[in-house]
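my questions concern the predicted model and sequence given below.
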Amino acid sequence: MTLHLSDYDLQLAADAVPLPTAAAAHLHDCRRCQARLATYQQLFTATARLPQPAFEFDLAATVLARLPRAKPAFPWVLGIVAVLVLGVVGAFVALLGGVLGQVFQGLSTGLGAGLVAVASFIVAGQCLELLARYRRQMSLLAFS
Ligand SMILES: [Zn+2]
């Protein structure tokens, strides 16, 4: 084999990862690759002896101090939307209660339309709450 081992293979070998058979055979016979492997082994040994880098301050405490306190999440927007939905449904039933039976002859059609309307209000409420939360969090991230 005329090609020498790649740096990646030599780094794997320096990390005591078994090489494929052909690469291991080449490494056994090639002085140049053995020298490069020895260099990587010395580099890895020296790197392992270096002290772990550390900040001069407590990074975790600094970051945690800047984070907002967790408060109990109350989906107030969802509550408002639910009250609105219930109000609309209640008003609808109160005003058109007698006519409802005649208008919606098929119960499944009326029920399906009602469910779709309620689900739409709920999804809209959740989207509004999500948007409000996103804006709140983005304003907290602006460390101005
Ligand atoms: Zn070689």
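Received, thanks.

now do the lowest-mean-pLDDT helix or strand in the chain: which elements does it pack against?
Across the helices and strands of the chain, mean confidence by mean pLDDT, DSSP states H and E is lowest for helix 76-103: a mean of 84. Counting contacts by 3 or more C-beta pairs under 8 Å, 6 or more residues apart in numbering; DSSP states H and E, helix 76-103 packs against helix 107-141. Just so you know, the C-beta spots here come from the backbone N, C-alpha and C atoms, and that holds for glycine as well.

list the buried ones in the helix it packs on?
118, 121, 125, 129 (16 or more other C-beta atoms under 10 Å).

ok, the residues you listed vs Leu43, which is closest?
In terms of C-beta to C-beta, no member of the buried residues of helix 107-141 lies closer to Leu43 than Glu129, at 53.4 Å.

returning to what we had before: now the angle between helix 107-141 and the least confident helix or strand of the chain, please.
Helix 76-103 runs at 170 degrees relative to helix 107-141, counting by axes from the mean of the first three to the mean of the last three C-alpha atoms, to 10 degrees.

around the ion, pick out the residues from this structure.
Contacts of the chain with the ion, taken as C-beta under 5 Å from the ion, map to 4, 30, 32-33.

again, only this time at 6 Å
Contact residues, the chain versus the ion (C-beta under 6 Å from the ion): 4-5, 26, 30, 32-33.

show me how the chain divides into domains.
7-49, 105-144 (automatic domain parsing).

ends of stretch 51-60, what's the gap?
20 Å (C-alpha to C-alpha, to the nearest Å).

quick one: average confidence on that stretch?
For stretch 51-60, the mean per-residue pLDDT is 86.

as JSON lines, the domains of the chain with distance to Gly97 would be great.
Shown next, in JSON lines, are the domains of the chain (distance: least, C-beta to C-beta, whole Å):
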{"stretch": "domain 7-49", "distance to Gly97": "76"}
{"stretch": "domain 105-144", "distance to Gly97": "13"}
